[in-house]
Structures are given as structure tokens and as C-alpha cells.
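K.L.:
Fold the following for me, if possible:
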Amino acid sequence: MRILYIDIDSLRPDHLGCYGYHRDTSPNIDSIARESMIFTGCYTPDAPCMPSRTAFYSGRFGIQTGVVGHGGTGADPKPQGVSRSFDDQFGAYGLGRQLQNLGFHTAMISPFGQRHSAHWFYAGFNEIHNTGLGGMESAEQVLPVIKEWLLKNQEQDNWFLHINLWDPHTPYRVPEHFGNPFEKTPLPDWLQDPSALERHQKMVGPHSALDVGMYNGEEDPNHPRQPGSLTCESQLRRLIDGYDTGVLYADDAVGQIIQNLKDAGLYEETAIIVSSDHGENLGELGIYAEHGTADEITCKVPMIIKWPGGHTGINSKLHYNLDLAPTLMDLLGGETQEIWDGQSFAAAIVSGDSNSGREEVALSQCAHVAQRSIRWADWLYLRTYHDGFHLFPQEMLFNLKEDPYEQNDLAATSPEICKEGAWRLMRWHDAQMQKMAEFASDSVDPLWTVVREGGPFHARPISPGHPGSKEALRAYFDRLENTGRSEGAAKLRERHAARISE
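P.N.:
Predicted coordinates:
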């Protein structure tokens, strides 16, 4: 058995043709999807990049591992303590090691471990190819390494290869010679309403419509596909086209990889999984070109699995990406680890079982904001513990069936549903704390560690020059006043007075 895991950073599923997108962004992924089981309700439990991939390979929630953010204590695993033997939990129980135990040669083509100093990401891998640019690679820089590896190993069996493609990740960096394939294709319907952009232009916070560059509206001349500020419809189109072109560029690379497998006679017998670490907000919650919340759009990921002899079709139940670890063990005859938080959905692949999945999923974000949410039925209930300078209320509620782009917060008018969401989230949290007491060296929720340390890394007033430093925040609040958002600036100054004081 050969398994190819294609990890396309920041890939939101609803911008793929096989998930219903109207733009032709993914002809090659769509061709794989026609031979696959497509999971339409798959989420990362912990966003963004580092927490998601840590959860995926460890098979555990961030609340258990301690990895929930991009800086501070929440960017490092919890010390294992006295139970730590010659090997740690990542090495002993991670997906990579379990695949090795089944006789797989595990290989990775990715700079991710170095990008985030997440060296546990490599646990259980025989072979690591760091493409060297820390996530700023475009596909033309990654493809030669992938093609060389496939050529070298085409005669070998029982390998698992993880490859990273980065092109949809901000800043949108597809080479200019690729052109703009979407310049004459309409924007998504909901963004064609000018009132949406007008409403967003009044909002405050990093990566808002007038601050796409995080805390400013500056453009980077090295990345002309990404505007610094969305002052008009043409700039909005430029941003959406930039993202979608990144998806198409990555898809073109996927097509070349698939052709290599076909030329070697390996395509039919190779299991192919297409997924991502997280999505990308493109106007949802008023945020653009970022993956900074615990919402539907940031946390939902594609999960497309072409399994030799497996079923094809659509599974719409809820899943986590970390459910893939026990699923692979079931499919390959391995053992699910007691420490894992995942649940196998192998039945969906083996027999097409449409009931294989969960009734709810809990989502977390501690890099840009400190939030947790619970997703069930048509509902998304969000609780905010640090707003990341977005003025989010403590709780938000969205009916995703009627409002998939999260524009209408129903918390004030639906208190009973909010109560149910809070109860569901509390029930999940209680279960996690009980499990933590059994398997971890402490009983500390890392979300609260992030808050105690001053907030999420990308919104923390630490050293001068950091985007979230006190000096930078004061300058940002001045910018808000100078761009017609003085009311929002006043509210932020009041809410975060202690964080910007001398």
C-alpha cells in the first residue's frame, strides 16, 4: 500500500469545484474526488497552522497537548513529566510511529517543522525534506523535490508521503506569469452585494477590510496579487482572484504529481488524501486573507480520500482531521491508541456508511484570538476570551444553513440556542479536563495560559516592533481614527486600556 497525503495550506473546501464552487479552481483535485469519498463536514479542532498539524499527527486535541498557538507557552507541548520515557508521547503514539509499526516508510516534503520550530511534527518520520523557505515556497519550488522522490521510490511499496503546497496561503504569491484566470469570472454571490464590503469597511481589527495587511493597509510590492486595503470592488476582486489563483496553481501541481503516478503505473493502487490545515476567511466575520478565528470558515477543511477498493460519494457527517489517524489504523489493520481523541470513520470508506461521523465538533483558536466554539446541526456557537482587537462579543451564534458566511449574529435573539451551545461546549470541556487528569502531567487548560500571558501571539503587546506591541497598537488605534473608525477606536481603547497603558 502506498499513501500520498497532499496538504494544501489554507485551502477552504468551498473554493473547490468538487465542493460546489462556481469557479474552475480545481480540475485535478476534482478528478481525484470523482474516485473518492468526499467528506463535507471535516474540521480541524485547533487552528491555525501549528495547532492544526500538531493535532492531526498526534491524534489529540490542543487542550491535551498544550499546542494551541503560535507563540508563548501555547506554542510548545506540555512537558510530559515523570511518564516521559526514552520516547515521548509524540514519538510513541503519533500517527507517524503507528505507520512505521505497520511497516511503512514514512517521508515528508515540507518546511513546516522549521517554520514554527515544531520539531515534534517530524516524530515518526524516516525521511524529511525541508524545502527551505519556511512556507514561502510556491509550487514550482516544491514540485522538483516531489517528483525526484516519487521517481526514486516508484518501485518501493508501503510508503506514506506527506507533501506541503503553500500557494493559497497569504500573502498570495503565485508568479505573475501565471496571469489571472478568473478576471472575467464573477465573485461569489454574497460578495457581489456592495453593502457587504461597505459594512466591513467600518469594522476594526487585524485583517479587516481596510487593514488587510494586519494592522495597516500597506501593500507589499513583492506580492501584487494581495491588496493592502479593500477600498473598492476592484480591490476586493483582486484579493479573491489572488486566493483562487493560488488554489488553481496548487491544483496544477497536483495534476503533475498525479500524472507522475500514472506514468509509473502507480495511480490506481495508491491511496490519495487531499486535505488542509485550515481554511481562509474571505469576508466572513469581516476578516480577509487570514485564518484567525474559531469559526466555520477558518476551521473547516477539505477531506478527500481515494482509497483503492473503497467507496465513492459524499459523507456529510461531522469529523475532525485527527479522526484520520484511527481511520487509517482501521483500514490498515493497525491499533488505535488509547491516548488519541479521534474516532474512526473507516466505515464510510469501506462500506459507504452515511452515518459514520459525529453529532458535534468543538473548535479552538488561540493564535489570533482566544476563542472556542461548538458546531452542531445548523449551528455554530462561539465564545471569545480575547477578541484579538476585533470587538467580538463574549458569545456569538450563527445559523450556518441560512447564513453560511457568518454575517448575522443571532446571539441576542436566540438565548435558548446559546444556552444549548454553552452547555455542549462545557460538556466537551469537562470531558477534556477529565482526560487531561488521566494522561497529562497537569490539569491546565492552555487557552487560559494564553490569556494569562497577555493574549494570543498575533495580538499581544510584547516587545517593540511586534505587531501587537503597545506602540504598534497605539499607532493602530490612531489609524482607526484617521480612517473614519473613531467609534471603534474608542471602544478598543476602553476594552484594552490595561494592555496599552505604560
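K.L.:
Name the residues of stretch 402-419 that are buried.
P.N.:
The neighbour-count check on stretch 402-419 (16 or more other C-beta atoms under 10 Å) flags 403-407, 409-411, 414, 417-418 as buried. (Glycine included, C-beta is placed from N, CA and C.)
K.L.:
The stretch 101-250 of the chain: helices as residue ranges?
P.N.:
Assigned by DSSP state H, counting those that start in this stretch, the helices in the stretch 101-250 of the chain fall at 112-115, 139-153, 194-200, 233-263.
K.L.:
returning to what we had before: pick the one among the buried residues of stretch 402-419 closest to Y249.
P.N.:
Using C-beta to C-beta, the shortest approach to Y249 within those belongs to Y405, at 24.5 Å.
K.L.:
how close does that closest one get to Q226?
P.N.:
Going from Y405 to Q226 by C-beta to C-beta, to the nearest Å gives 20 Å.
K.L.:
Spit out the contact partners of the nearest residue to N130 once chain neighbours are set aside.
P.N.:
Distances taken as C-beta to C-beta, 6 or more residues apart in numbering place P111 nearest to N130, at 5.0 Å, with adjacent residues excluded. Applying C-beta atoms under 8 Å, 6 or more residues apart in numbering to P111 gives the contacts 130-135, 137, 164.
K.L.:
Other residues contacting stretch 218-231?
P.N.:
170-174, 176, 197, 200-201, 209-213, 216-217, 235-236, 238-239, 241-242, 245-246, 288-289.
K.L.:
ok, now with 10 Å
P.N.:
Stretch 218-231 has contacts (C-beta atoms under 10 Å, 6 or more residues apart in numbering) with 136, 170-176, 178, 180, 197, 200-201, 208-214, 216-217, 234-243, 245-246, 283, 288-289, 483.
K.L.:
Among those residues, name the buried ones.
P.N.:
Neighbour counting over these (16+ other C-beta under 10 Å) leaves 136, 170-174, 178, 180, 197, 200-201, 208-214, 216-217, 235-243, 245-246, 283, 288-289, 483 as the buried ones.
K.L.:
can you dump the C-alpha coordinates of the helix or strand bottoming out on mean pLDDT in the chain into PDB?
P.N.:
The helix or strand of the chain with the lowest confidence, counting by mean pLDDT, DSSP states H and E, is helix 497-500 at a mean of 76. Extracted in PDB, the C-alpha atoms of helix 497-500 (Å, rounded to 0.1, in the frame of the first residue of the first chain):
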ATOM      1  CA  ALA A 497      -6.800  50.000  28.300                       C
ATOM      2  CA  ALA A 498      -4.700  47.800  30.600                       C
ATOM      3  CA  ARG A 499      -2.900  46.300  27.600                       C
ATOM      4  CA  ILE A 500      -1.700  49.600  26.100                       C
END
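K.L.:
what packs against that helix?
P.N.:
helix 470-482, helix 486-495 (3 or more C-beta pairs under 10 Å, 6 or more residues apart in numbering; DSSP states H and E).
K.L.:
so for the shortest one, what's the average pLDDT?
P.N.:
It refers to helix 486-495. In this model, helix 486-495 has a mean pLDDT of 94.
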